[in-house]
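Q: whatever this is, show me its structure:
(one chain, ligands or ions: 1)
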Amino acid sequence: MVILKSPKEIEKIRISNQIVADILCRLEEEVKPGIDTLYLNDIAEKMASERDAIPAFKGYKGYPFSLCTSVNNVIVHGMPSKKILVEGDIISIDFGVLYDGYYGDAAVTVPVGIISERAMRLAQVTKEALYKGIEKAVLNGRLSNISHAVQSHVEAAGYSVVRTFVGHGIGSSLHEDPQVPNFGKPGMGVLLKRGMTLAIEPMVNEMDYEVEILEDGWTAVTKDGGLSAHFEHTVAISENGPIILSERNGS
Ligand code: CO
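A: Take a look at the predicted model:
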């Protein structure tokens with residue numbers, strides 16, 4: 001069941017997402033060769049606590065950290081560790097909070113120092129695909145128009161979209177209906193209505209879309225060892241088009 005939100009609720013979801021956006025922005029600044037990802041996890045926890053926000057992922061289905069840090073061939077759900085980031089890596093940082101009863105959820109892929117042209121293009125195309133999807137998050141459109149727009153952009157660039165994981169509705173739960181796949185024919189799925197809030201999150205592999213889950217039960221890697229990138233925004237459907245709740249004011 002898709003839960004429609006009132007303007008008051010959307011404002012709360014926006015506030016939660018602004019907390020996420022501020023923290024992600026700070027984490028992006030901290031990413032450089034020589035740091036480890038537990039350091040990023042610590043900063044996220046400290047900043048969330050300063051704002052009375054509860055990290056959303058920690059404890060979710062037993063996930064033990066506040067951040068997902070997915071490096072290079074890791075698609076999503078990479079766990080923070082003492083492993084050092086090195087020049088040329090790409091890292092997806094995914095973060096969510098619960099604040100005043102509502103969730104925020106967003107992710108960015110950022111370069112570690114100077115990265116290859118190849119890695120840069122993958123991250124760029126993934127970000128573009130997210131925005132192509134968001135453009136289709138309009139009143140009276142169909143959900144799969146978002147999916148199709150993401151897939152078309154990714155495949156036109158020669159990459160593949162991951163099928164195993166999808167975006168989701170978000171509100172007073174981290175994951176609500178509907179699921180938001182990053183692939184599919186247009187014109188299918190639920191009709192988009194005012195008050196829907198969706199987390200759109202393309203995961204893009206440079207080669208095949210197949211996924212493997214590591215022994216830890218969480219870390220999702222590309223089966224072929226290729227690079228993967230991931231961006232996520234929480235978006236509200238309104239009369240005036242999509243509102244990106246997790247985009248920082250002015251950026
Ligand atoms: Co999400």
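
Q: okay, buried residues for stretch 190-210 please.
A: Neighbour counts using 16 or more other Cβ atoms under 10 Å place 192, 195-206, 209 of stretch 190-210 among the buried residues. The way it works is simple: take the backbone N, C-alpha and C, and place the C-beta from them, glycine included.

Q: and of these, the nearest to Ala119?
A: Distance to Ala119 across the buried residues of stretch 190-210 (Cβ to Cβ) is lowest for Glu206, with 8.5 Å.

Q: wouldn't that closest one be in contact with Ser228 here?
A: Yes: between Glu206 and Ser228 a contact is recorded at 7.3 Å, counting by Cβ atoms under 8 Å.

Q: next, count neighbours for the residue in the stretch 1-150 of the chain that the ion sits nearest to.
A: Closest residue of the stretch 1-150 of the chain to the ion, Cβ to the ion: Asp105 (4.3 Å). Residues contacting Asp105 under the criterion other Cβ atoms under 10 Å number 26.

Q: and it, how far is that from Ala149?
A: Between Asp105 and Ala149 the distance is 20 Å, computed by Cβ to Cβ, to the nearest Å.

Q: what does Gly104 give?
A: Shown here: Gly104 relative to Ala149, a distance of 23 Å by Cβ to Cβ.

Q: okay, now Gly187: neighbour count?
A: 11.

Q: send me the strand or helix carrying the residue of the stretch 1-150 of the chain closest to the ion as CSV with only the CA atoms.
A: Using DSSP states H and E, Asp105 falls within strand 102-111. This file holds the C-alpha atoms of strand 102-111, laid out as CSV (Å, rounded to 0.1, in the frame of the first residue of the first chain):
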residue,chain,number,x,y,z
TYR,A,102,10.3,10.5,9.5
TYR,A,103,13.1,9.1,7.5
GLY,A,104,15.7,10.7,5.1
ASP,A,105,17.8,8.6,2.8
ALA,A,106,20.4,9.6,0.2
ALA,A,107,23.6,8.4,-1.4
VAL,A,108,26.5,9.8,-3.4
THR,A,109,29.5,8.3,-5.2
VAL,A,110,32.7,10.3,-4.7
PRO,A,111,36.2,10.1,-6.0
